[in-house]
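Asks: Sequence and predicted model, in that order:
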Amino acid sequence: MFEHDEDSQPLSGRSLAREIVVQVLFEDDLNPAGDPALAEQFVAQRLQGASTGLAGFTRETLSALRESKSLIDSILEESADNWSLSRMAPTDRNILRLGAYELTQTDTPGQVVIHEAVELAKRFGTEDSPRFINGVLDRIFDQRSDQD
């Protein structure tokens, strides 16, 4: 799993939950036969001292995202011009999965979702990740807005 940088500012609230979700998705992605109990231990350790509401949000988001992974992946395939999921960096792919899930399956404001995803990309991705994440999620947000 991603190492938490001890020198960085501690995250709070849903930003922490999103970071944890992306970390577990990354592990699921690269180790599909992994032990779910180890993932749960990681989540519990990272949420130590967090409110029950935050813990619930984290676990519910992770569970729902895992259940809707094929739908989310198809949305990403349609929205990432000239990029297949397999060509994306694993970090970017999993940040996008979380962002696409939140944009299409929750009532979290689109600007918040995109901002949070770009911040995750800055923390864990490459120099190009924030721009790439922003572009793909912005396209999904625009498509969703056109449907409303």
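Replies: Good, I have the coordinates.

Asks: Dihedrals phi and psi, residue 83?
Replies: phi -130, psi 120 (degrees, to the nearest 10).

Asks: Model confidence at the closest residue to it other than its chain neighbours, what's the number?
Replies: Leaving out its chain neighbours, the residue that sits closest to residue 83 by C-beta to C-beta, 6 or more residues apart in numbering is residue 136, at 7.9 Å. All C-beta spots, glycine's among them, are computed from the backbone N, C-alpha and C. On pLDDT, residue 136 comes in at 97.

Asks: Need the pLDDT of residue 5.
Replies: So, for residue 5, pLDDT stands at 46.

Asks: got a list of contacts for the helix or strand of the chain with the lowest mean pLDDT?
Replies: Across the helices and strands of the chain, mean pLDDT, DSSP states H and E gives its lowest value to helix 129-147, namely a mean of 92. Helix 129-147 has contacts (C-beta atoms under 8 Å, 6 or more residues apart in numbering) with 75-76, 79-80, 83, 89, 91-92, 95-96, 99-100, 103-104, 110, 113-114, 117-118, 120-122, 125.

Asks: Distance of the most centrally placed residue in the chain relative to residue 113?
Replies: Central residue of the chain (C-alpha atoms, centre = their mean): residue 98, 3.0 Å from the mean position. Distance from residue 98 to residue 113, counting by C-beta to C-beta, to the nearest Å: 8 Å.

Asks: picking that back up, mind giving me the PyMOL command for buried ones among the contacts of helix 129-147?
Replies: In PyMOL, this line selects whichever of these come out buried by 16 or more other C-beta atoms under 10 Å:
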select buried, resi 75+76+79+80+83+91+92+95+96+99+100+103+104+110+113+114+117+118+120+121+125
